[in-house]
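**Q** okay, sequence plus prediction incoming.
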Amino acid sequence: MRTHTGEKPYKCDVCSYSCKVAGNLQRHMRTHTGEKPYKCDVCSFSSNQACNLQTHMKTHTGEKPYKCDVCSFSSNQAGHLQTHMGTHTGEKPYKCDVCSYSCKVAGHLQRHMRTHTGEKPYKCDVCSYSCKVAGNLQRHMRTHTGEKPYKCDVCSYSCKVACNLQTHMKTHTGEKPYKCDVCSYSCNVAGSLQTHMRTHTGEKPYKCDVCSYSCNQAGHLQRHMRTHTGEKPYKCDVCSYSCKVAGSLQTHMRTHTGEKPYKCDVCSYSCNVAGSLQTHMRTHTGEKPYKCDVCSYSCNQAGNLQTHMKTHTGEKPYKCDVCSFSCNQAVKPYKCNVCSYSCNRAGSLQTHMRTHTGEKPYKCDVCSYSCNRAGNLQTHMRTHTGEKPYKCDVCSFSCKAGSLQTHMRTHTGEKPYKCDVCSFSCNQACNLQTHMRTHTGEKPYKCDVCSFSCNQAGHLQRHMKTHTGEKPYKCDVCSYSCNRAGSLQTHMRTHTGEKPYKCDVCNEMFISSSHRNQHRKKKHGS
């Protein structure tokens with residue numbers, strides 16, 4: 001009769017839980033005592049309910065007796081199948097009284113209500129972690145024990161959660177049964193589709209109690225809260241690194257193992273972060289999605305645009321504690337042991353060190369050219385193919401690399417990079433960096449053969465050819481060869497007749513700026 005009257009005479013002394021059956025209260029009390037009398041004979045899994053152990057055993061046998069009649073979904077739990085069927089029917093009978101949330105399972109609504117009440121009855125004995133769902137606590141404990149009982153039969157992947165393995169297996173099959181009705185998005189997890197739909201609706205049901213932050217995923221809110229608490233529960237076993245997100249720890253561990261699973265299909269570049277590969281691919285495609293609203297500057301990284309904008313605003317938020325110096329870029333923790341070079345990325349320092357060691361791992365298959373950067377080799381190959389994919393809309397200029405943007409400043413006259421010591425200004429950041437060495441006297445690039453030293457890596461590279469006699473740049477029309485790409489470009493104008501440099505006094509045209517400057521001194525005395 002209690003199913004009709006709603007009476008729940010059995011109440012928990014610890015929390016607000018109540019139920020109609022004494023046995024249910026007995027099982028519930030185990031969530032507080034931590035008692036788990038039902039243990040798996042295969043792995044370390046244990047549970048406070050016999051039915052949970054029975055369901056768990058199917059993860060070892062692979063048995064999935066509950067199958068969907070509409071798609072290929074199958075499960076080892078009847079409740080999971082019932083929930084899955086709602087993805088086809090769209091039915092969500094359980095609705096939240098506080099917000100617009102609705103769901104297919106009564107238990108999900110009960111858990112959701114805790115996002116409003118803030119109740120987190122399940123607490124970790126090792127750290128300060130607490131959560132709203134018992135299963136989440138069980139999974140969290142594996143971050144302390146390191147246990148990953150769910151293993152892939154195809155590759156070496158293993159994980160702490162059964163559903164993650166199920167999702168992972170779809171990376172091998174390529175199956176993405178859940179499709180968005182608005183765009184072409186598809187995924188292999190029903191929850192991912194539900195989260196994706198919020199990008200269309202703009203719904204952000206998860207709100208921070210401390211600040212105005214809101215988001216469309218519960219996990220994002222959980223991570224955000226750590227910015228207020230400072231909690232970093234994920235710790236590295238090798239060094240003192242700790243972080244707020246499990247994925248960040250996984251990425252960090254690759255700095256110790258040296259693993260670089262993300263590989264470029266065009267060159268030999270590889271990295272340990274998917275986002276870094278995405279950024280790298282733009283060096284091949286030339287894509288520069290981040291554009292300046294003030295000038296024509298564009299770049300392939302959001303951080304670069306943020307730094308560039310400070311050249312317009314004049315903002316210099318980073319100030320020296322000793323003197324009055326301030327600048328628009330943050331601290332550069334990676335420092336060279338040979339010279340004063342510093343940078344904000346470990347990979348950049350690794351590349352820089354090659355200027356001292358002379359290591360040039362990237363070699364040309366056509367000539368003897370070698371270099372210390374993959375991108376430089378790609379640009380060099382265009383000297384053989386003649387490819388110049390980047391073309392100027394104002395004049396006939398075309399180039400092999402990303403110098404079109406810099407070239408355009410020769411038309412606009414824009415020189416956004418200014419020296420703090422003198423009146424020098426230029427259209428490239430690297431030129432300003434080189435110019436500053438004229439004030440400091442720094443010459444970090446030294447020749448191993450003679451006493452020559454200079455303040456630019458390119459000057460040292462050109463100087464070395466005076467010792468080797470190498471002239472890799474050859475004219476296709478005559479027998480001319482040289483050791484500088486710019487010299488070949490100037491020489492080619494003797495064949496094409498192009499004279500892009502004009503005298504301001506008499507309007508006579510020249511093939512190079514040096515010829516024009518000589519003409520000015522000789523004819524006009526300026």
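**A** Here it is on my side, so go on. Residues are numbered from 1 along each chain as shown.
**Q** who touches Lys474 in this structure?
**A** Lys474 makes contacts with 480-481, 488, as judged by Cβ atoms under 8 Å, 6 or more residues apart in numbering. C-betas here are computed from N, CA, C, even on glycine.
**Q** how does it look with 6 Å?
**A** Residues in contact with Lys474, defined by Cβ atoms under 6 Å, 6 or more residues apart in numbering, are Ser481.
**Q** who does it bridge with?
**A** Ser481 (DSSP bridges).
**Q** and the gap between it and Ala485?
**A** Applying Cβ to Cβ, to the nearest Å, the value for Lys474 to Ala485 is 11 Å.
**Q** same question for Met57.
**A** According to Cβ to Cβ, Met57 stands 68 Å off from Ala485.
**Q** repeat that for Phe510.
**A** With Cβ to Cβ as the criterion, Phe510 and Ala485 are 19 Å apart.
**Q** and these two? which has more neighbours close in?
**A** Remark: of Phe510 and Ala485, Phe510 carries more neighbours, 18 against 15, as counted by other Cβ atoms under 10 Å.
**Q** does that one touch Arg516 like I think?
**A** Yes. Here Phe510 reaches Arg516: they are 4.2 Å apart, a contact under Cβ atoms under 6 Å.
**Q** list the residues that contact both of these two?
**A** Tyr501.
**Q** before we move on, which element is the residue nearest the centre of the chain in?
**A** Nearest residue to the geometric centre of the chain (Cα atoms, centre = their mean): Gly275, 2.9 Å. Element membership for Gly275, per DSSP states H and E: helix 274-285.
**Q** how about that helix: buried residues?
**A** Within helix 274-285, the residues that count as buried by 16 or more other Cβ atoms under 10 Å are 276-277, 279-280, 282-283.
**Q** rewinding a little: quick one: pLDDT of the residue nearest to the centre of the chain?
**A** The per-residue pLDDT reported for Gly275 equals 81.
**Q** alpha carbons of the helix holding Gly275, as PDB, please.
**A** C-alpha atoms of helix 274-285 as PDB (Å, rounded to 0.1, in the frame of the first residue of the first chain):
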ATOM      1  CA  ALA A 274      46.600  17.500 -29.700                       C
ATOM      2  CA  GLY A 275      46.200  21.300 -29.700                       C
ATOM      3  CA  SER A 276      49.800  21.800 -30.500                       C
ATOM      4  CA  LEU A 277      49.400  19.600 -33.600                       C
ATOM      5  CA  GLN A 278      46.400  21.600 -34.700                       C
ATOM      6  CA  THR A 279      48.400  24.800 -34.300                       C
ATOM      7  CA  HIS A 280      51.400  23.300 -36.200                       C
ATOM      8  CA  MET A 281      49.200  22.200 -39.100                       C
ATOM      9  CA  ARG A 282      48.600  25.900 -39.800                       C
ATOM     10  CA  THR A 283      52.200  26.400 -40.700                       C
ATOM     11  CA  HIS A 284      51.500  24.100 -43.700                       C
ATOM     12  CA  THR A 285      48.000  25.400 -44.600                       C
END
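**Q** Gln405 in helix, strand or coil?
**A** In three-state terms, and counting by DSSP: H, G, I helix; E, B strand; the rest coil, Gln405 is helix.
**Q** and the helices in the stretch 101-250 of the chain, which stretches?
**A** Under the criterion DSSP state H, counting those that start in this stretch, helices of the stretch 101-250 of the chain are mapped to 106-117, 134-145, 162-173, 190-201, 218-229, 246-257.
**Q** and these as CSV, adding mean neighbour count?
**A** CSV is the format used below for these (neighbours: other Cβ atoms under 10 Å):
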stretch, mean neighbour count
helix 106-117, 15
helix 134-145, 16
helix 162-173, 15
helix 190-201, 15
helix 218-229, 15
helix 246-257, 14
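**Q** turn those into TSV, columns for distance to Ser451 and mean pLDDT.
**A** Output for these, formatted as TSV (distance: least, Cβ to Cβ, whole Å; pLDDT from 0 to 100):
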stretch	distance to Ser451	mean pLDDT
helix 106-117	70	84
helix 134-145	58	83
helix 162-173	58	80
helix 190-201	62	86
helix 218-229	54	86
helix 246-257	39	84
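**Q** distance to Arg409 added to these, as CSV?
**A** Shown next, in CSV, are the helices of the stretch 101-250 of the chain (distance: least, Cβ to Cβ, whole Å):
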stretch, distance to Arg409
helix 106-117, 53
helix 134-145, 52
helix 162-173, 46
helix 190-201, 38
helix 218-229, 40
helix 246-257, 38
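**Q** and Cys71, which of those is closest to it?
**A** helix 190-201 (10.9 Å; Cβ to Cβ).
**Q** show me what stretch 148-156 is in contact with.
**A** Contacts to stretch 148-156, defined as Cβ under 6 Å, 6+ apart, come from residues 43, 158-160, 162, 165, 168, 172.
**Q** and Cys299, how many neighbours does it have?
**A** By other Cβ under 10 Å, 19 other residues sit near Cys299.
**Q** ugh, wrong one, I meant Leu488
**A** If we define neighbours as other Cβ under 10 Å, then Leu488 has 19 of them.
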